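Student: no sequence on this one, just coordinates:
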């Protein structure tokens, strides 16, 4: 009786657990279906490894939804159509961009949406589109995956060339080169004293050359100063020459004016004036002589009486 009662208790416990699990699944599913989402669509070109239904969607690193559906575009088999379920409170702008990212090199894949500027309008569905379309761009991992075959081919080519470089013939040539280099080093070491003397002579010659260059530099500076003095003297001579030219021009103009005076009517007038001046001087001279002889004549007139016939 006790063993049968234990079986009944265990069976009842398992049945209760199954019912509770079923109720919990129905509750979670019901809450999920009751939750409202905003639907968006984006397109990825190339492989989307790791992307599937339920993949997390992040907005600037914050979870805002998940992938609702993934399908291949019938018009372009290289393009993948991804439908996103996103929290309606998340503001997706027209300049937002979707990329396919991965948590580390081997982590889970997720869709990352980079937020646009606050002043840009919100993304809306265009006519003929069931959902608003978020522009996409390839991520760094996608670019790396796309260029992977080319990188492998280049690495293979580099490996082949390196193998050719390390062939038996090249390794023999390298060994001979190292032997010659060792012999050359030994020969140089044996003439180290001579090289030291040569370097000392070269140093002395360099110092002498530096002194000669310094003297030449000083001579050039002196010559430069002399040239500047000559330039100043030439400027002074040029100034004096300009002054002399101006003076000569003034003398020429004065000579021309004198020629005009001499050759014109002025000489006739000057001659007439000279004649009148001479007559005036003669009159003044006679008057002066009369005053010297008879000073009272000017005051009282001529009082001499001449002979009056009767």
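Tutor: Cool, got the structure. This structure is a prediction, so every number in the text was calculated from the model and none was measured. Numbering: from 1, shown residues only.

Student: Show me which positions of stretch 159-168 end up buried.
Tutor: Neighbour-count burial for stretch 159-168, with 16 or more other C-beta atoms under 10 Å as criterion, is recorded at no position. The C-beta positions use only the backbone N, C-alpha and C, and glycine is treated the same way.

Student: how about the helices of the stretch 151-300 of the chain, start to end?
Tutor: In the stretch 151-300 of the chain, the segments counted as helices under DSSP state H, counting those that start in this stretch are 168-190, 192-263, 266-293, 297-300.

Student: ranking these by mean pLDDT, which is last?
Tutor: In terms of mean pLDDT, the lowest-scoring of those is helix 297-300 (a mean of 54).

Student: hang on, the earlier thing: mind putting the helices of the stretch 151-300 of the chain into a markdown table with distance to residue 113?
Tutor: Converted to a markdown table, those look like this (distance: least, C-beta to C-beta, whole Å):
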| stretch | distance to residue 113 |
| --- | --- |
| helix 168-190 | 55 |
| helix 192-263 | 69 |
| helix 266-293 | 110 |
| helix 297-300 | 138 |
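
Student: Which one of those helices lies nearest to residue 112?
Tutor: Of all these, the one in closest proximity to residue 112, counting by C-beta to C-beta, is helix 168-190 (49.8 Å).

Student: Relative to residue 97, which of the helices of the stretch 151-300 of the chain is closest?
Tutor: When these are compared by C-beta to C-beta, helix 168-190 sits nearest residue 97, at 51.2 Å.

Student: ok so, going back, which among the helices of the stretch 151-300 of the chain is found nearest to residue 126?
Tutor: For those, proximity to residue 126 was assessed by C-beta to C-beta; helix 168-190 is nearest, at 64.0 Å.

Student: So what touches the closest one?
Tutor: With C-beta atoms under 8 Å, 6 or more residues apart in numbering as the test, helix 168-190 has contacts from 164, 195.

Student: relative to helix 192-263, how tilted is that helix?
Tutor: Between the axes of helix 168-190 and helix 192-263, defined by axes from the mean of the first three to the mean of the last three C-alpha atoms, to 10 degrees, the angle is 80 degrees.

Student: Tell me how far stretch 90-110 lies from the chain's centre.
Tutor: Centroid displacement of stretch 90-110 relative to its chain, using C-alpha atoms, centre = their mean, to the nearest Å, is 35 Å.

Student: Actually, stretch 217-232.
Tutor: So, by C-alpha atoms, centre = their mean, the centroid of stretch 217-232 is 41 Å from its chain's centroid.

Student: With stretch 185-198 instead?
Tutor: Once both centres are worked out by C-alpha atoms, centre = their mean, stretch 185-198 turns out to sit 52 Å from its chain's centre.

Student: cool, stretch 112-126 as well?
Tutor: Averaged over its C-alpha atoms, stretch 112-126 has a centre that lies 34 Å from its chain's centre (C-alpha atoms, centre = their mean).

Student: And the contacts of it?
Tutor: Outside stretch 112-126, the residues that touch it by C-beta under 8 Å, 6+ apart are 40, 57-61, 64, 91-101, 131-134, 139.

Student: quick one: buried residues of it?
Tutor: 112-116, 123.

Student: Mind picking the two most distant members of those?
Tutor: Pairwise distances across the buried residues of stretch 112-126 (C-beta to C-beta) peak at 16.0 Å, for the pair 112 and 123.

Student: nearest residue to residue 96 other than its sequence neighbours?
Tutor: Distance criterion C-beta to C-beta, 6 or more residues apart in numbering; nearest residue to residue 96, sequence neighbours excluded, is residue 116 at 4.5 Å.

Student: sec struct for the one you found, please.
Tutor: Taking DSSP: H, G, I helix; E, B strand; the rest coil as the rule, one finds residue 116 in the coil state.
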